[in-house]
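Novice: The following block contains a protein sequence and its predicted model.
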Amino acid sequence: MRVARRIESLPPYLFAELDRKLAAKRAEGIDVISLGVGDPDLPTPDHIVDAMRDAIADPATHRYPSYYGSPDFRGAVAAWYSRRFGVELDPETEVMALIGSKEGIAHIAFAYVDPGDEALIPDPGYPVYGVSTRLAGGTPVSLSTPAERDFLPDLSTAKVSHRTKAMWMGFPANPTAAVADLNALGEAVGFCRDNDLLLLHDAAYCEITFDGFVAPSVLQVSGAKDVALEFGSTSKSYNMTGWRIGWAVGSADAIKALGVVKTNVDSGQFTAVQRAAIAALEGPEDHLDEIRATYQRRRDVVVQALNGLGWSLKPPLGSCYVWAPVPDGETSTSFANRLLDRAGVFVAPGNGYGERGEGYVRFSLTVPDDRLSEAMDRMATVLS
Ligand SMILES: *Cc1c(COP(=O)(O)O)cnc(C)c1O
């Protein structure tokens, strides 16, 4: 039986071949160090696990959750936005719980993109923005984020048509590790207002920043709530990728439209997981310093190793990645293959993040320090 065209329309999964190779190497008993996926290696802080344990034991959490998130959860997200960004949100209309931010990032396309519509997608960028646009029948239109602009989008080259509905961005960025200051976010808000676009800002890494850089929320731009929806998550900042909890905040119209999709597709996230997320947002901040210090230390290990081998990378100010050009004469795939074959180090080829990711690879910092150092030593042996 033939699958739907929307499934056939998806681009091939570029990591499939490498994933197969990785599995084959491991099956041969080769000790491959994977710097591929961005999945924090550190455990969720204890106080969050404890809150979950208590929540699970409470029968009140055993029934269907609220579609939009419990009032306590939405209140906790609003209070965190007020403390962290000075942004006031109405928990009733401007905050919604998600089953991980990826879930909302994917579903928002179904609320705004009709077949034939377009959405501007950062290239390179997180693949879900473009894939969800396609699943909804739309066309992702790539938005250049050139290295010369420190991987910030060049809005002067954005191809807006009468079918363009939305523009995606995410800072600190995966995979480029770019950060945006309030000015850059302000420009994006102005652009979307002028062109009647929904601005979708993915803030999954907003707490993972270095060297004193503090990432702003797009909602700090005045009037942003008219055009912008921001996605957040406990996944990266509290080592909670497995828990599947996030939020969408901002435009009440967009929250309402996303709610129509979600109430028909899912029944919300387990109330106990929402309570654990409340414990994360309201809990002690010291572990956040520790997480930042850990990634900053690892970032330095990778940047110093690469620069010692002839690269000239600026240390990125956020995310848990280092984005690096491949040596002359290589492609993303040939370089990733060489590192895997010769060094037993797995990195993500940049062309998996869009056409303009060709010529780059992404190093994830989510492996223990000693393994990361060993990966860099092995690379040095192969490349020097
Ligand atoms: C990890 C990540 C997320 C977070 O996804 P969750 O579904 O909240 O775990 C969102 N956006 C980007 C770009 C990411 O890399």
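Specialist: Nice, thanks for sending it over. Residues are numbered from 1 along each chain as shown.
Novice: So what touches the longest helix along the chain?
Specialist: When the chain is scanned for its longest helix (criterion: DSSP state H), the result is helix 286-308. With contact meaning CB atoms under 8 Å, 6 or more residues apart in numbering, helix 286-308 is reached by 40, 42, 45, 207-211, 237-239, 313, 315-316, 320, 322, 324, 363, 365, 369, 372-373, 376, 379-380. The C-beta positions use only the backbone N, C-alpha and C, and glycine is treated the same way.
Novice: Next: stretch 35-54.
Specialist: With CB under 8 Å, 6+ apart as the test, stretch 35-54 has contacts from 15, 18, 22, 174, 235-236, 238-241, 243, 272-273, 275-276, 278-280, 283-284, 287, 291, 294, 320-321, 345-348, 363-368, 372, 375.
Novice: Just the buried residues of the longest helix of the chain, please?
Specialist: For helix 286-308, burial by neighbour count (16 or more other CB atoms under 10 Å) applies to 287-288, 291-292, 294-296, 298-299, 301-303, 305-306.
Novice: Turn those into JSON lines, including pLDDT.
Specialist: Shown next, in JSON lines, are the buried residues of helix 286-308 (pLDDT from 0 to 100):
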{"residue": "His287", "pLDDT": "90"}
{"residue": "Leu288", "pLDDT": "94"}
{"residue": "Ile291", "pLDDT": "95"}
{"residue": "Arg292", "pLDDT": "97"}
{"residue": "Thr294", "pLDDT": "97"}
{"residue": "Tyr295", "pLDDT": "98"}
{"residue": "Gln296", "pLDDT": "98"}
{"residue": "Arg298", "pLDDT": "98"}
{"residue": "Arg299", "pLDDT": "98"}
{"residue": "Val301", "pLDDT": "98"}
{"residue": "Val302", "pLDDT": "98"}
{"residue": "Val303", "pLDDT": "98"}
{"residue": "Ala305", "pLDDT": "98"}
{"residue": "Leu306", "pLDDT": "98"}
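Novice: Farthest pair within those residues?
Specialist: Taking CB to CB, the two most distant members of these are His287 and Leu306; they sit 28.7 Å apart.
Novice: quick one, phi/psi of the closest residue to Pro146 other than its chain neighbours?
Specialist: Spatial nearest neighbour of Pro146, excluding adjacent residues (CB to CB, 6 or more residues apart in numbering): Asp154 at 5.9 Å. Main-chain torsions, Asp154, degrees, to the nearest 10: phi -100, psi 90.
Novice: Number of residues surrounding Asp154?
Specialist: For Asp154, the neighbour count with other CB atoms under 10 Å is 12.
Novice: now do Ser251
Specialist: Neighbour number of Ser251 under other CB under 10 Å is 23.
Novice: Ok, Glu330 next?
Specialist: Neighbours around Glu330, by other CB under 10 Å: 15.
Novice: Now it. Nearest residue, chain neighbours left out?
Specialist: Using CB to CB, 6+ apart and skipping the chain neighbours, the partner closest in space to Glu330 is Arg338 (7.3 Å).
Novice: Please give the centre-to-centre distance between the helix or strand containing that neighbour and its chain.
Specialist: Arg338 belongs to helix 332-338 when assigned by DSSP states H and E. Averaging C-alpha positions (CA atoms, centre = their mean, to the nearest Å) puts helix 332-338 24 Å from its chain's average.
Novice: Residue numbers of the stretch 201-350 of the chain in contact with the ligand?
Specialist: Contact residues, the stretch 201-350 of the chain versus the ligand (CB under 6 Å from any ligand atom): Asp202, Ala204, Ser233, Ser235, Lys236, Thr241, Gly246.
Novice: Export the buried residues of helix 286-308 to a markdown table and append columns for distance to Leu98.
Specialist: A markdown table is the format used below for the buried residues of helix 286-308 (distance: CB to CB, whole Å):
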| residue | distance to Leu98 |
| --- | --- |
| His287 | 23 |
| Leu288 | 21 |
| Ile291 | 21 |
| Arg292 | 24 |
| Thr294 | 26 |
| Tyr295 | 24 |
| Gln296 | 28 |
| Arg298 | 28 |
| Arg299 | 28 |
| Val301 | 33 |
| Val302 | 31 |
| Val303 | 33 |
| Ala305 | 37 |
| Leu306 | 35 |
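Novice: Would you map out the domains in this protein?
Specialist: 5-43+286-383, 46-282 (automatic domain parsing).
Novice: Between the two ends of the shortest one, what distance do you get?
Specialist: Same thing as domain 5-43+286-383. Taking CA to CA, to the nearest Å, the first and last residues of domain 5-43+286-383 lie 44 Å apart.
Novice: what do you get for stretch 241-254?
Specialist: 25 Å.
Novice: how about that stretch: buried residues?
Specialist: Under 16+ other CB under 10 Å, the buried positions of stretch 241-254 are Thr241, Trp243, Arg244, Ile245, Gly246, Trp247, Ala248, Val249, Gly250, Ser251, Ala252, Ala254.
Novice: Could you single out the nearest of these to the ligand?
Specialist: For the buried residues of stretch 241-254, the closest approach to the ligand (CB to the nearest ligand atom) belongs to Gly246, at 4.1 Å.
Novice: From Leu317, how far off is the residue nearest to Glu330?
Specialist: As judged by CB to CB, to the nearest Å, Arg338 and Leu317 stand 29 Å apart.
Novice: The two: who's more crowded?
Specialist: Each of Arg338 and Leu317 has its neighbours counted (other CB under 10 Å); Leu317 has more, 21 against 17.
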